[in-house]
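In: Show me the folded form of this:
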Amino acid sequence: MRRLLLAAALAAAAATPAFAQAPAAQPPLRCAVDGTFAPHAFPSLQGGVQGFQIDLFREVARRMGREIVIDSASFSGLIPAMNAGRYDFLCAPTTVTPERAASLLFTEGYLWTELQFGIRRGTPPIRSEEDLRGKTISVNKGTPYEQWVTRNAERLNLTLLAFDTQPDAVQAVIQGRAYANLSGNTVVRYSASRTQQYVADFVLPGTRLHWGTPFRQDSGALRNQVEDVLTCMKRDGFIARLSERWFGNRPGPDQAEVMEFPGYGPPGLPGHDATPQNPRCN
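Out: Numbers count the residues shown, from 1 in each chain. Have a look, this model is predicted:
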């Protein structure tokens with residue numbers, strides 16, 4: 001396991017008085033990412049991990065006046081490790097499903113995710129689920145993408161190929177071991193921009209979901225504190241600028257980078273707290 005120590009300068013808390021009330025002696029926040037999930041988190045040539053998630057949560061910690069330690073590990077092991085107490089929350093982009101929301105607390109989404117297929121260049125475009133019938137689909141293990149293939153395997157006669165990393169799932173498509181790769185839209189588009197033989201293709205209708213931050217169910221106070229910071233980062237445009245930097249497009253008004261949702265957590269799902277937010281943003 002690679003460990004990246006991101007020291008959010010305590011001194012910088014003076015510049016953000018709304019979140020500068022935490023005692024200086026508090027321990028670092030601990031979280032984790034899948035360090036192969038570009039452009040959200042991936043190895044840096046200078047060492048450690050870089051990406052949207054790293055910049056996002058470094059800023060969250062800075063505004064809270066805390067240090068943060070970000071571990072990099074396979075996604076399939078992150079939620080069990082958090083539930084075992086190794087992490088305070090996950091910095092990995094985590095799709096908020098009803099099943100997960102029943103056992104974890106989430107912040108509201110700071111990104112939308114939609115399920116999208118990537119295919120090898122030259123392959124006829126996928127126009128509907130019927131085009132997937134009898135095909136092999138590669139996914140990153142332990143994700144909603146794996147769950148979608150599993151749920152629809154019998155109906156569409158699908159074969160699942162699950163890998164520990166998203167790059168391995170993409171390579172399976174390029175090498176012809178899988179017909180298509182299923183992942184989140186930002187990841188598929190980023191992979192396509194870096195790999196000539198891989199192109200972004202069909203988006204599954206009706207799959208737009210929150211990408212939020214998961215916590216254990218006993219961490220409601222910390223969840224609300226982090227969500228207040230994220231809300232301030234939406235209001236001052238920090239998350240929108242970060243999104244444009246890493247994903248290439250300025251998010252519009254209907255994108256989660258700038259949308260505020262009522263209460264704490266994704267509305268309509270277990271764990272939502274309807275208490276109105278009133279963060280002190282400076």
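
In: contacts, neighbours, all on C-alpha from now
Out: Noted.

In: Sketch out the strands for the stretch 151-282 of the chain, chain order is fine.
Out: Ranges of strands in the stretch 151-282 of the chain, per DSSP state E, counting those that start in this stretch, are 159-163, 180-184, 198-203, 209-212, 214-215.

In: Against which helices or strands is the second one packed?
Out: If I follow you right, that is strand 180-184. Under the contact criterion of 3 or more Cα pairs under 8 Å, 6 or more residues apart in numbering; DSSP states H and E, strand 180-184 touches strand 115-120, strand 136-140, helix 144-156, helix 166-174.

In: picking up where we left off before, mean pLDDT for the strands of the stretch 151-282 of the chain - can I get that in TSV?
Out: Listed next are the strands of the stretch 151-282 of the chain as TSV, based on pLDDT from 0 to 100:
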stretch	mean pLDDT
strand 159-163	97
strand 180-184	96
strand 198-203	94
strand 209-212	94
strand 214-215	98
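
In: for those, which one sits closest to residue 247?
Out: Proximity to residue 247 (Cα to Cα) singles out strand 180-184 among the strands of the stretch 151-282 of the chain, at 12.5 Å.

In: How far off centre is that closest one?
Out: 15 Å (Cα atoms, centre = their mean, to the nearest Å).

In: That one pairs with which strands, and in what direction?
Out: strand 115-120 (antiparallel), strand 136-140 (parallel) (DSSP bridges).

In: about what we covered before: can you check which of the helices and strands packed on strand 180-184 gets nearest to residue 218?
Out: Across these, closest to residue 218 is helix 144-156 (Cα to Cα), at 24.0 Å.

In: burial measure for residue 62, as a count.
Out: Neighbour count of residue 62, defined by other Cα atoms under 10 Å: 23.

In: Tell me where the model's unsure across the chain.
Out: 1-24 (pLDDT under 70).

In: ok, back up a step: got the helices and strands packed on strand 180-184 as a markdown table, with mean neighbour count and distance to residue 25 columns?
Out: Below are the helices and strands packed on strand 180-184 laid out as a markdown table (neighbours: other Cα atoms under 10 Å; distance: least, Cα to Cα, whole Å):
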| stretch | mean neighbour count | distance to residue 25 |
| --- | --- | --- |
| strand 115-120 | 26 | 42 |
| strand 136-140 | 26 | 38 |
| helix 144-156 | 16 | 38 |
| helix 166-174 | 22 | 38 |
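
In: need those in CSV with distance to residue 31, can you?
Out: As requested, those are arranged in CSV below (distance: least, Cα to Cα, whole Å):
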stretch, distance to residue 31
strand 115-120, 25
strand 136-140, 20
helix 144-156, 20
helix 166-174, 20
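
In: Indicate which one of the ones you listed is closest to residue 244.
Out: Nearest of these (Cα to Cα): strand 115-120, 19.8 Å.

In: CA-only coordinates of the closest one in PDB, if you can.
Out: In PDB, the C-alpha atoms belonging to strand 115-120 read as follows (Å, rounded to 0.1, in the frame of the first residue of the first chain):
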ATOM      1  CA  LEU A 115     -22.600   4.300 -16.400                       C
ATOM      2  CA  GLN A 116     -20.900   4.300 -19.800                       C
ATOM      3  CA  PHE A 117     -19.300   1.700 -22.000                       C
ATOM      4  CA  GLY A 118     -15.900   2.000 -23.700                       C
ATOM      5  CA  ILE A 119     -15.100  -0.100 -26.700                       C
ATOM      6  CA  ARG A 120     -12.100  -0.800 -29.000                       C
END
